[in-house]
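Novice: model the following, please.
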Amino acid sequence: MTYYGAKEIAVSFRTVRNNTIQIAEDIPEDRYDFQAAQGVRTVRQMLIHISMAHNFALMLHRDNPEMKSLEGLNLLPLIETVMAAEKEPRTKARILQDLRDGGNEFENWVKTLSDDFLGEVITMPGGTPPSRSRFDMLIAVKEHEMHHRGQLMLIERMLGITPHLTRNQQARMEALRASQAAKT
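Specialist: So this is what the prediction gives:
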């Protein structure tokens, strides 16, 4: 029996994307060019990067489902496209729309996939690791976003913003305390 398949990937990705969108909404647009350290992406660049990161998975798995090996695949054009887009002066509204649209596109496609498709193995270039399942590669899209979302949450703290997940936890704790106090 399979406990985690396409629908679960889609739901968990949606949760991650919704949290990313909330962070993008919580950071004021006038702070989108904040750079935590020299040589790292600004908030704007990181959000643009996140909004495009799923494109590799779509290119490989949706648009080229017959591809079973990444050996010899020229990724440079895709990487250069993302790097160029990160330098565009996109507005907060545009970035939020791109996050929503890209999230919808990825989620809606992923939830249609079969277990057989998710189980297919793709050979990696250079043999390290030698191969990965499509399942593993699609989960990596969410993991990649979570990595950058963690960076954004730290940046929120640097900007004096309490991240929404922390605010939500604080509200739950306060409600629990109030509930306990009402019982005594």
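Novice: and the lowest-mean-pLDDT helix or strand in the chain, what other elements does it pack with?
Specialist: Lowest mean confidence among the helices and strands of the chain (mean pLDDT, DSSP states H and E): helix 76-86, at a mean of 90. With contacts defined as 3 or more Cβ pairs under 8 Å, 6 or more residues apart in numbering; DSSP states H and E, helix 76-86 has these neighbours: helix 43-52, helix 54-57. Any C-beta I mention is one placed from the backbone N, CA and C, and that applies to glycine too.
Novice: highest average neighbour count across the ones you listed?
Specialist: helix 43-52 (a mean of 23; mean count of other Cβ atoms under 10 Å).
Novice: chain center to it, what's the gap?
Specialist: The chain centre lies 10 Å from the centre of helix 43-52; the measure is Cα atoms, centre = their mean, to the nearest Å.
Novice: helix 76-86 and that one, what's the angle between them?
Specialist: Per axes from the mean of the first three to the mean of the last three Cα atoms, to 10 degrees, the angle that helix 43-52 makes with helix 76-86 is 140 degrees.
Novice: and helix 43-52, C-alpha only, in CSV?
Specialist: Output of helix 43-52 as CSV, limited to C-alpha atoms (Å, rounded to 0.1, in the frame of the first residue of the first chain):
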residue,chain,number,x,y,z
VAL,A,43,14.5,39.2,-0.7
ARG,A,44,13.2,40.0,-4.2
GLN,A,45,15.7,37.7,-5.9
MET,A,46,15.0,34.9,-3.6
LEU,A,47,11.2,35.1,-4.1
ILE,A,48,11.7,35.3,-7.9
HIS,A,49,14.0,32.3,-7.6
ILE,A,50,11.4,30.4,-5.6
SER,A,51,8.6,31.3,-8.1
MET,A,52,10.6,29.7,-10.9
